[in-house]
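A.B. asks: Structure for the following, please:
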Amino acid sequence: MNKYFKWLTFFTGLLLSSAIALADENLGAGDLVRILVYGNPDLTLETRIDASGYISYPLIGQVEIGGHTAKDAESKITTALRQGGFIKQPNVNVFLLESRSKLTSIIGKVNKPGRYPVTHKTTLLDMIAEAGGVAAGGSSLVTVISGSDKKTFDLSRLVNENSNQQIPLLNGGETVYVPTNEVVVGGEVNQPGKYSISDNIRSIADFIVSAGGTNANAADTILYTTSSGGAEVTKSIDIAALMSNNPQAGQNAMIVKPGDKIYVPKAPMVYIYGEVQRPGSYRIEKNMTLMQALAQGGGPSVRGTQRGIKVYRTDDKGSVSKITPALTEMVRPNDVLYVEESLF
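C.D. replies: Model (predicted):
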């Protein structure tokens, strides 16, 4: 009867523990373990591994099991019990009840971001499913950070390939980041807003087109902001080259990443007043001269003269100076051209 009771106690402990015996995974600080010694219920212990990797076990005191597998921990406790003369042939089992040393953080556009225990080798797809899946607006491009190593995986390709061997495994300690799937397009476009990356919309040119193209006030360049090495980097890109079909231009093939920003600034303007046919503000075209700017305003009126053209120019400090430049000089942004009245 006593022997039956011991067996019953032993297997009942196994069933209640819901633990997983790990043969090839290391235990770590913060892990909750259960230790059972067959035939010795007084030696059953449920404890956490301390920050130094040790536990305090009855009869034998401090035992280092952090950094060792459950099988190694069983061997160390067995040896200590036998060499200490406490039990001649101890049968020790170590089970992991809760892993804190193997938590993987899931952040970004998932439905349940947080830290999740990895008690056995888990695929990236399984871990994202554990976090409730990718949320609305989330990208299929997922970044996995493990120490100094950073890799990006396309979830849609992992699913379509249907090959478990190519799906990355998580061992714990990683950070999984699911970014937004959207790219912001703003400035002088016809339909500014957020647009999602898809198989058909991946390049800068694609997003400019999706936003309805540039409007009449748009500059000749766009500002493209992306992240590189954890810092934002902004590049100025010529729109003509961007939309060119010439493969040598290369700009139209630039592929955006989730979270990137595309901004089309307003074109620089020149202001023409005085004795001109059509006074007003005009867009400065590339390499425009003062003569060309004056032509935009219809040229001098019958009372005006080209000899009486003055330019009010603002410098970087905000100071305004009045100059009489040659008509072949390039116009600068925010120049004010004033055509004086002819005296004769």
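A.B. asks: Tell me the bridge partners for the closest residue to N334 other than its chain neighbours.
C.D. replies: Spatial nearest neighbour of N334, excluding adjacent residues (CB to CB, 6 or more residues apart in numbering): T314 at 5.7 Å. C-beta: built from backbone N, CA, C; applies to glycine. Beta-bridge pairing for T314 (DSSP bridges): V320.
A.B. asks: In this structure T314 contacts K322, no?
C.D. replies: No - using CB atoms under 8 Å, T314 is not in contact with K322; the gap is 11.2 Å.
A.B. asks: okay, now the residue nearest to N334: neighbour count?
C.D. replies: 14 (other CB atoms under 10 Å).
A.B. asks: where's it relative to D335, distance?
C.D. replies: According to CB to CB, to the nearest Å, T314 stands 8 Å off from D335.
A.B. asks: Show me the helices in the stretch 101-250 of the chain, by range?
C.D. replies: Counting by DSSP state H, counting those that start in this stretch, one finds helices in the stretch 101-250 of the chain at the ranges 124-130, 155-161, 204-210, 239-242.
A.B. asks: quick one: which of those has the weakest pLDDT on average?
C.D. replies: Mean pLDDT per stretch puts helix 155-161 lowest among the helices of the stretch 101-250 of the chain, at a mean of 76.
A.B. asks: ok, the residue nearest to N334 to L124 distance?
C.D. replies: For T314, the distance to L124 - CB to CB - is 55 Å.
A.B. asks: The spatially closest residue to G138 that is not a sequence neighbour: neighbour count?
C.D. replies: Excluding the flanking residues, the one nearest G138 by CB to CB, 6+ apart is K109, at 3.1 Å. Using other CB under 10 Å, K109 has 19 other residues around it.
A.B. asks: Could I get the contacting residues of K109?
C.D. replies: V134, A135, A136, G137, G138, S139, V178, P179, T180, N181 (CB atoms under 8 Å, 6 or more residues apart in numbering).
A.B. asks: Please list all residues in contact with the third one.
C.D. replies: I take that to be A136. With CB under 8 Å, 6+ apart, A136 has these contacts: K109.
A.B. asks: Next: G186.
C.D. replies: Counting by CB under 8 Å, 6+ apart, G186 has contacts P192, G193, K261, I262, Y263, V264.
A.B. asks: Output those residues as a markdown table; include the columns pLDDT and distance to Q296.
C.D. replies: Below are those laid out as a markdown table (pLDDT from 0 to 100; distance: CB to CB, whole Å):
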| residue | pLDDT | distance to Q296 |
| --- | --- | --- |
| P192 | 95 | 27 |
| G193 | 93 | 32 |
| K261 | 93 | 32 |
| I262 | 94 | 29 |
| Y263 | 96 | 26 |
| V264 | 95 | 22 |
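A.B. asks: ok, of those, which one's closest to V94?
C.D. replies: K261 (52.2 Å; CB to CB).
A.B. asks: and that closest one, how many residues sit next to it?
C.D. replies: K261: 16 neighbours (other CB under 10 Å).
A.B. asks: Then P300?
C.D. replies: Neighbours of P300 (other CB under 10 Å): 21.
A.B. asks: and the gap between it and Y282?
C.D. replies: Distance of P300 to Y282, given as CB to CB: 15 Å.
A.B. asks: Next: G108.
C.D. replies: Here G108 is placed at a distance of 46 Å from Y282 (CB to CB).
A.B. asks: Same question for K150.
C.D. replies: 49 Å.
A.B. asks: Among these two, which residue is more densely surrounded?
C.D. replies: Y282 (21 against 12).
A.B. asks: and the more buried one, bridged to which residues?
C.D. replies: Residues in beta-bridge contact with Y282 (DSSP bridges): V270.
A.B. asks: right, and V320 touches N334 too?
C.D. replies: No - between V320 and N334 no contact is recorded; they are 9.9 Å apart, counting by CB under 8 Å.
A.B. asks: quick one: which of these two has more around it?
C.D. replies: N334 (15 against 10).
A.B. asks: Model confidence score at the most centrally placed residue in the chain, please.
C.D. replies: Closest to where the C-alpha atoms of the chain average out (CA atoms, centre = their mean) is P179, at 5.0 Å. Note on P179: pLDDT of 86.
A.B. asks: do the same with T119
C.D. replies: pLDDT for T119: 66.
A.B. asks: what ranges do the strands span in the stretch 51-200 of the chain?
C.D. replies: Under the criterion DSSP state E, counting those that start in this stretch, strands of the stretch 51-200 of the chain are mapped to 54-57, 61-64, 92-98, 103-108, 114-117, 122-123, 141-146, 149-154, 169-170, 175-178, 182-187, 193-196.
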